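Visitor: my questions are about this predicted structure, shown below with the sequence.
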Amino acid sequence: MRLPLSRSSRKKDREFYMMEALRAPGTHAKVSQKTRRPKRKLILILALCLLLIVTFAAARLHARRSEEKEEDYAFDPLPESETDVSSEEEEKSTVSPDDPRLLMLVNASTPLPEGYEIDPVVLRYGMVVDRLCYDDLQAMMDDCRAAGLKPLICSAYRTVEKQQELYEAKVTEFMLTGLSLAEAEEKAAAVVAYPGTSEHHTGLALDIVDETYQLLEPEQERTAVSRWLTAHAWEYGFIIRYPVEKTRETGIIYEPWHYRYVGRELAKEITESGLCLEEYCSSLAG
Ligand SMILES: [Zn+2]
């Protein structure tokens, strides 16, 4: 049985074979005076080879390190501050609870108002949120990370066009299982909001998952990130928008990953009330 060679012995082997390869045929047996000068040459060539090997190895190591760094970056879920926000500003929320955007309801029966535009802030990887929720989102992500967790924002603002693509893809997926167009559309609408009716159009909705479990499934609630957010999101002005016990009221399946910004005061009030946003808004109207 051949034992695995250590890295240094493998390297030595390689050098040995290179030396062997560099030797002219027939030089193994007799080394005469005449070979002295070529020997010097050989040493020089070998030294050059060694230098090349070392340079190559160093370059490889550097490349690997850069790759690792890129990978780290790619999986780093946290939006970096895009703006210079002083710590003083960061601590107090400047969002007025009277801002009408906070309670803007967007659902199947209440589409996004025609021509509505958000005030965009670009997060990393090109994701966008409305500036209204930016500071509180940053604070929430920072604190979640400080708790040793790895939250990952996997969806933020979506244009109506993007929603159209997602919706159509879902309809196709259901039709491939044998459903009719009407059946597929009905089923798709419960999973992917109909274009114009997704809360993601507001720039105030975010899908946040645990980096260790990135599936948008009910099991997401068991992750450490989800548990932390369930306990703390309201402190930063976010509510769990589609709770498990409110699927009838919201018309949307249970989504433990979907958070909606309503500002700190309202988030506290809504969370304590146990109502979903639809119920809360109609309680205000009624
Ligand atoms: Zn969502």
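Guide: Here it is on my side, so go on.
Visitor: now the closest residue to the ion within the chain: closest residue in space, sequence neighbours ignored.
Guide: Nearest residue of the chain to the ion (C-beta to the ion) works out as His258 at 3.7 Å. Heads up, the C-betas are built off the backbone N, CA and C, glycines and all. Closest residue in space to His258, ignoring its immediate chain neighbours: Arg241 at 5.0 Å, by C-beta to C-beta, 6 or more residues apart in numbering.
Visitor: correct me, but the one you found touches His200?
Guide: No. The criterion here is C-beta atoms under 8 Å, and Arg241 misses it with His200 at 10.5 Å.
Visitor: can you give me the strands for the chain?
Guide: 120-122, 128-130, 151-155, 205-210, 238-240, 258-261 (DSSP state E).
Visitor: mind checking which of these is nearest Lys246?
Guide: Minimum separation from Lys246 across these (C-beta to C-beta) falls at strand 238-240, 9.4 Å.
Visitor: helices and strands around the closest one, which ones?
Guide: helix 131-146, helix 224-232, strand 258-261, helix 264-273 (3 or more C-beta pairs under 8 Å, 6 or more residues apart in numbering; DSSP states H and E).
Visitor: re the thing from before, reformat the strands of the chain into TSV and put mean pLDDT next to each item.
Guide: Listed next are those as TSV, based on pLDDT from 0 to 100:
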stretch	mean pLDDT
strand 120-122	96
strand 128-130	97
strand 151-155	95
strand 205-210	97
strand 238-240	98
strand 258-261	98
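Visitor: right, and those strands - which one's nearest Glu161?
Guide: So among those, strand 128-130 is nearest, using C-beta to C-beta, at 13.7 Å.
Visitor: strand partners of the closest one, parallel vs antiparallel please.
Guide: strand 120-122 (antiparallel) (DSSP bridges).
Visitor: low-confidence ranges, this protein, go.
Guide: 1-38, 49, 53-93 (pLDDT under 70).
Visitor: spell out which residues of the stretch 51-200 of the chain are next to the ion.
Guide: Within the stretch 51-200 of the chain, no position lies close to the ion (C-beta under 5 Å from the ion).
Visitor: domains of the protein: list them as residue ranges, please.
Guide: 7-25+34-74, 87-158+198-285 (automatic domain parsing).
Visitor: from the chain's centre, how far out does the longest one sit?
Guide: Think domain 87-158+198-285. 16 Å (C-alpha atoms, centre = their mean, to the nearest Å).
Visitor: would you list every one of the helices in the protein?
Guide: 7-22, 36-75, 87-91, 131-146, 160-175, 181-191, 224-232, 247-250, 264-273, 277-285 (DSSP state H).
Visitor: point out the most buried one among the strands of the chain.
Guide: strand 258-261 (a mean of 26; mean count of other C-beta atoms under 10 Å).
Visitor: which residues are in contact with that strand?
Guide: For strand 258-261, the surrounding residues in contact (C-beta atoms under 8 Å, 6 or more residues apart in numbering) are 102, 130, 132-133, 136-137, 199, 204-208, 229, 233, 237-242, 267, 277.
Visitor: likewise for stretch 205-219?
Guide: 75, 77, 129, 137, 149-156, 198-199, 220, 222-226, 229, 238, 241, 244, 254-261.
Visitor: Leu275 touches Ser283, doesn't it?
Guide: Yes. Taking contacts as C-beta under 8 Å, Leu275 lies within contact range of Ser283: 6.6 Å.
Visitor: who's more crowded, the two?
Guide: Leu275 (18 against 11; other C-beta atoms under 10 Å).
Visitor: for that one, give its distance to His200.
Guide: Counting by C-beta to C-beta, to the nearest Å, the separation of Leu275 from His200 is 22 Å.
Visitor: what's the answer for Leu42, then?
Guide: Taking C-beta to C-beta, one finds Leu42 at 69 Å from His200.
Visitor: this completes my enquiry, with thanks.
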